[in-house]
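In: Make a model of this:
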Amino acid sequence: MVRKQKTALGLTSLFFLLIAFLTLAPVSPPTGYGATDKTYHMLAFAGLALPIATLQPRWLLFMIPVFAIFGGAIELIQPYFGRSCDFADWIADVKGIMIGSIVGLVLCLGIRRMKIARNLKVQSILKIHM
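Out: You can find the predicted model right below:
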């Protein structure tokens with residue numbers, strides 16, 4: 001497995017664990033910053049999708065449904081942990097997945113373009129000096 005794949009899996013696994021802990025722990029999200037619970041859901045799931053979208057975009061076709069199922073499963077089991085089940089939270093999760101995927105794909109495209117430009121620059125320098 002190459003470094004990009006390991007990084008994508010590692011970061012995604014970290015987000016999975018963090019989201020599972022924070023959404024199942026019997027604590028309330030921080031308040032007073034002007035953000036709502038739905039904002040936290042969107043940000044968390046955008047962070048979940050971002051590493052895969054940026055580093056391994058071909059995996060998104062498989063991972064987007066996995067992320068959405070994960071968010072739905074959390075909502076379904078939250079009542080067993082003293083939290084409430086809220087369909088709107090799952091919708092926020094899915095929106096976050098889409099936002100993270102889009103941002104990640106844009107970053108991936110930018111990274112690829114920078115690599116291509118750098119390679120072209122190196123090739124043109126080599127031609128001049130040869």
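In: and residue 81, what does it touch?
Out: By Cβ atoms under 8 Å, 6 or more residues apart in numbering, residue 81 lies in contact with 24-26. For every residue, glycine as well, the C-beta is placed using N, CA and C.
In: I'd like a version of these in TSV, one that adds neighbour count as further columns.
Out: Output for the contacts of residue 81, formatted as TSV (neighbours: other Cβ atoms under 10 Å):
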residue	neighbour count
24	15
25	11
26	8
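In: Filter these down to just the ones in helices.
Out: For the contacts of residue 81, the ones inside helices are residue 24, with DSSP state H as the criterion.
In: so which of the contacts of residue 81 would you say is closest to residue 109?
Out: Nearest to residue 109 among the contacts of residue 81, counting by Cβ to Cβ, is residue 24 at 35.2 Å.
In: Verify the contact between the closest one and residue 78 for me.
Out: Yes. Contact criterion Cβ atoms under 8 Å: residue 24 and residue 78 qualify, at 6.6 Å.
In: quick one: low-confidence parts of the chain?
Out: Scanning the chain for pLDDT under 70 picks out 27-35, 120-130.
In: Now do the same contact list for residue 98.
Out: By Cβ under 8 Å, 6+ apart, the contact set of residue 98 is residue 49.
In: let's go with 10 Å and repeat that
Out: Taking Cβ atoms under 10 Å, 6 or more residues apart in numbering, we find residue 98 in contact with 42, 45-46, 49, 64, 67-68.
In: In a markdown table, list these along with distance to residue 1, secondary structure and neighbour count.
Out: Supplementary listing: the contacts of residue 98 in a markdown table, determined by distance: Cβ to Cβ, whole Å; DSSP: H, G, I helix; E, B strand; the rest coil; neighbours: other Cβ atoms under 10 Å:
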| residue | distance to residue 1 | secondary structure | neighbour count |
| --- | --- | --- | --- |
| 42 | 30 | helix | 23 |
| 45 | 25 | helix | 27 |
| 46 | 25 | helix | 22 |
| 49 | 20 | helix | 26 |
| 64 | 21 | helix | 18 |
| 67 | 21 | helix | 26 |
| 68 | 25 | helix | 17 |
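In: I am finished for the moment; much appreciated.
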